[in-house]
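My questions are about this predicted structure, shown below with the sequence.
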Amino acid sequence: MAVITDRQAESPSPATDPGMGRVQRNGETRFFAGLLSIVVLLIFGTLAVIAVLPIVVPGYTSASITTGSMRPALRPGDVVIAVSQDLSDIEEGAIVVYEDPRSHDLVTHRLIEIRGDGSFITKGDMNGAPDPVPIPEGNLRGQAQWIVPFVGWPRLWLLDGQWLLLAVTVVTLATALWFSRYGLDADHDPWSEKRLRGTP
Amino acid sequence: MTRATTFRVAAVFSGFLIAILMIMTASRAVFTDPTSNDGNAVAAGTVVLNNVGVPNNTDSGIGDGTGDPMFDTPGSGTYTVDASDMAPGDGGVVNCIEIEYSGTVASTIELTSVTVGTDTASMAAVLDLTIDRYTSTDCTGTVDAAVYSGTLAAWADAETAWSASATASRSYEVTIELQSTAGNPYQGATTSGIDFEWTATSS
């Protein structure tokens, strides 16, 4: 029983294929599509890894931004990486990540005042007034150090029920993953001896 | 190194490089203007009390608890209503905001001010503002109190404050409509930086 595998179907048979030149061009297009997929996957992958790394690295906290309260400095979908620091080492005006004493959610707002009792006052840049409750120093997770863009979007879409955007992203990444083999696989190297053998 | 390998190494290198370059340092963000609120907004609501949003109602309500604007040009917040293309008499824009008191002393709470930032063509004088208060958390049920009805420019505190001594909330339904008699001078006009401020006062 002859099973035509994908690879066999793609491998040109130079001796019998008069359109070898065309096949080779397709090979190059595929190879570069594969490389582009690898670049895209690496961008997403690197950003995602950096965004979640603080979960396992002590002293670091990552917080995903879900609201526009810190626009334009931070946008929904950004992930902020905060480095644990003492309140006394942080200057007023810095962006800090802390646990809201009422809701216990992580909030990323600007530190506007350090009070004598060791608590601090925060405010979202877009908000007209400071946050209502002073934050105890113990709730401070750190000062925002890096902003990783885009990686928080899938979580936002999940929370919002934006299934279409989620699906498009998943399909795009899956397609990139499928295409990436053309950039890595020796069989799809457009300049390899194997490919070029038999060309005029 | 074969030609393909050279390309592969370049691809891997540029993938990492692009990702690293996309990560910005937060210190740069410290220097951005903290009061910036881009031009086309019709209203940016902010609160002093806890603004906890409207559960299970994604069409209206501020759902985040940290003060996204109730109305804006698209894209600001999850529950922000798009107010970028208002037309005279089109029914206006409506949003619902939940205001939660979470203190521990007896207090009275009310909407104490509505202020306008930038008002091109004096549009605030022809923007009708209607605010109704509900005891529910999502502006459903019967109206608890009519808070205001009139133009945005003429806003005055007419609310009968509500009181609480432990966690309690009310929802406010805010409607902004361009008057049906507003003529061509208002085409393309914007009113932005509209701040709604609620205040709790211990009693």
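Received it, and whenever you're ready, just let me know what you need. All values reported here derive from a predicted model rather than from experimental measurement. Residues are numbered from 1 along each chain as shown, chains lettered A, B, ... in the order given.

ok, residue 148 - how many residues close by?
Using chain A here. 25 (other C-beta atoms under 10 Å in any protein chain shown). For every residue, glycine as well, the C-beta is placed using N, CA and C.

Let me rephrase: I mean chain B.
Based on other C-beta under 10 Å, the number of other residues close to B:Tyr148 is 20.

In its sheet, which strands sit next to the one helix or strand it maps to, and in what direction?
Per DSSP states H and E, B:Tyr148 falls inside strand B:143-151. According to DSSP bridges, strand B:143-151 forms sheet pairs with strand B:127-134 (antiparallel).

what about dumping the CA coordinates of the partner strand to CSV?
Once non-C-alpha atoms are left out, strand B:127-134 reads as follows in CSV (Å, rounded to 0.1, in the frame of the first residue of the first chain):
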residue,chain,number,x,y,z
LEU,B,127,-25.4,69.0,26.2
ASP,B,128,-28.3,67.7,28.3
LEU,B,129,-27.1,65.8,31.3
THR,B,130,-29.5,63.5,33.2
ILE,B,131,-28.4,61.6,36.2
ASP,B,132,-30.6,59.2,38.1
ARG,B,133,-29.7,57.2,41.2
TYR,B,134,-30.7,53.6,41.9
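
residues making contact with that strand?
B:42, B:92, B:111, B:114, B:139-153, B:155, B:159, B:162, B:170-179, B:191 (C-beta atoms under 8 Å, 6 or more residues apart in numbering or on different chains).

quick check, distance from that strand to the centre of its chain.
Chain-centre distance of strand B:127-134: 14 Å, with C-alpha atoms, centre = their mean, to the nearest Å.

One more: stretch A:109-116?
Using C-alpha atoms, centre = their mean, the offset of stretch A:109-116 from its chain centre is 30 Å.

Residue of chain A closest to chain B, please.
Of all residues in chain A, A:Leu42 sits closest to chain B, at 2.7 Å by C-beta to the nearest C-beta.

Out of the helices and strands in chain A, which is least certain?
Using mean pLDDT, DSSP states H and E, helix A:6-10 stands out as the lowest-scoring helix or strand of chain A, at a mean of 45.

Can you point out the buried residues in the helix or strand following that one?
Note on helix A:6-10: by DSSP H and E, the next helix or strand toward the C-terminus is helix A:20-52. Residues A:20, A:23-24, A:27, A:30-31, A:33-44, A:46-48, A:50-51 are the ones in helix A:20-52 that count as buried (16 or more other C-beta atoms under 10 Å in any protein chain shown).

Do I have it right that the residue of chain A closest to chain B meets B:Phe16?
Yes - using C-beta atoms under 8 Å, A:Leu42 is in contact with B:Phe16, at 6.0 Å.

Check the contact lists of those two and give me the overlap.
Counting by C-beta under 8 Å, 6+ apart, nothing touches both A:Leu42 and B:Phe16.

So which elements touch the longest strand anywhere in chain B?
Using DSSP state E to assign secondary structure, the strand with the most residues in chain B is strand B:168-178. Strand B:168-178 sits against strand B:93-101, strand B:127-134, with contacts defined as 3 or more C-beta pairs under 8 Å, 6 or more residues apart in numbering or on different chains; DSSP states H and E.

Helix or strand next in line after the first one, which one?
It refers to strand B:93-101. strand B:107-115.

Quick one: mean pLDDT for the helix or strand following that next one?
As assigned by DSSP H and E, the chain's next helix or strand after strand B:107-115 is strand B:118-119. Taken as a whole, strand B:118-119 has a mean pLDDT of 82.
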